[in-house]
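Colleague: Okay, predicted coordinates and the sequence, questions at the end:
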Amino acid sequence: MTVCATGLAVFAANAAAGQPKSAPRPAAGKWKFQPLTGLVSGGFTLVGKTVKDVHGKAKHQTGCASGNFTVAGKFKITQVTFIGKHRQWTVGSGRNPSGGLAARPIHLTVGGHKQVDATMSIAFPGAGQLGAGQIDWGVSQVQGISPCSVAYHVAHS
């Protein structure tokens, strides 16, 4: 019996070593978007595993709606594994073919007008990783690039 128990313990330790380490769940409360491009300010609230009240202010971009924006709905966060070993809590639809976080479709209103083809991604900060994301909207152009977007880092308020 001792040999079996020891064998199982060794197997479990080896299996765990090959698996990516689970990332700690992000803290509940208010989070902010730190502007990278196209954004003045923004944020959201995390309650348990649910992101809600996504809002902000988009800078003027030629041919794009600008001003205050809101994202309707609530979004569950999940862990995604990148490069086979890095785990990060995210709002998205999994990984895209190049290995990055795939955006999820959203209902976006900017400057009081509903937007077409809107998507959003949010990646929470993890060990040795920045949190980042992007909101895109507008009719997709050549190569699937939306003409309007805001990009941000994500930080707990």
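Modeller: Noted; the coordinates are in hand.

Colleague: where does the chain have low pLDDT?
Modeller: 1-20, 140-145 (pLDDT under 70).

Colleague: show me what contacts the residue nearest to the spatial centre of it?
Modeller: Centroid-nearest residue in the chain, with CA atoms, centre = their mean: residue 122, separated by 1.8 Å. Residue 122 sits next to 44, 51, 75, 77, 90, 91, 92, 131, 133, 154 when contact means CB atoms under 8 Å, 6 or more residues apart in numbering. (Each C-beta comes from the backbone N, C-alpha and C, glycine too.)

Colleague: so is it in a helix, a strand, or just coil?
Modeller: Following DSSP: H, G, I helix; E, B strand; the rest coil, we place residue 122 in the strand state.

Colleague: which residues does it bridge with?
Modeller: residue 91, residue 133 (DSSP bridges).

Colleague: What's the separation between it and residue 131?
Modeller: For residue 122, the distance to residue 131 (CB to CB, to the nearest Å) stands at 7 Å.

Colleague: Could you tell me which residues touch both of those two?
Modeller: Residues touching both residue 122 and residue 131 by CB under 8 Å, 6+ apart: residue 154.

Colleague: Quick one: the strands in the protein, in order.
Modeller: For the chain, strands defined by DSSP state E occupy the ranges 29-37, 39-47, 50-58, 67-72, 75-76, 78-82, 86-91, 104-105, 107-110, 113-114, 119-123, 131-137, 148-156.

Colleague: Distance to residue 22 added to those strands, as a markdown table?
Modeller: Formatted as a markdown table, the strands of the chain follow (distance: least, CB to CB, whole Å):
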| stretch | distance to residue 22 |
| --- | --- |
| strand 29-37 | 20 |
| strand 39-47 | 18 |
| strand 50-58 | 19 |
| strand 67-72 | 27 |
| strand 75-76 | 17 |
| strand 78-82 | 7 |
| strand 86-91 | 6 |
| strand 104-105 | 22 |
| strand 107-110 | 31 |
| strand 113-114 | 38 |
| strand 119-123 | 16 |
| strand 131-137 | 17 |
| strand 148-156 | 19 |
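
Colleague: Brilliant, that's me finished.
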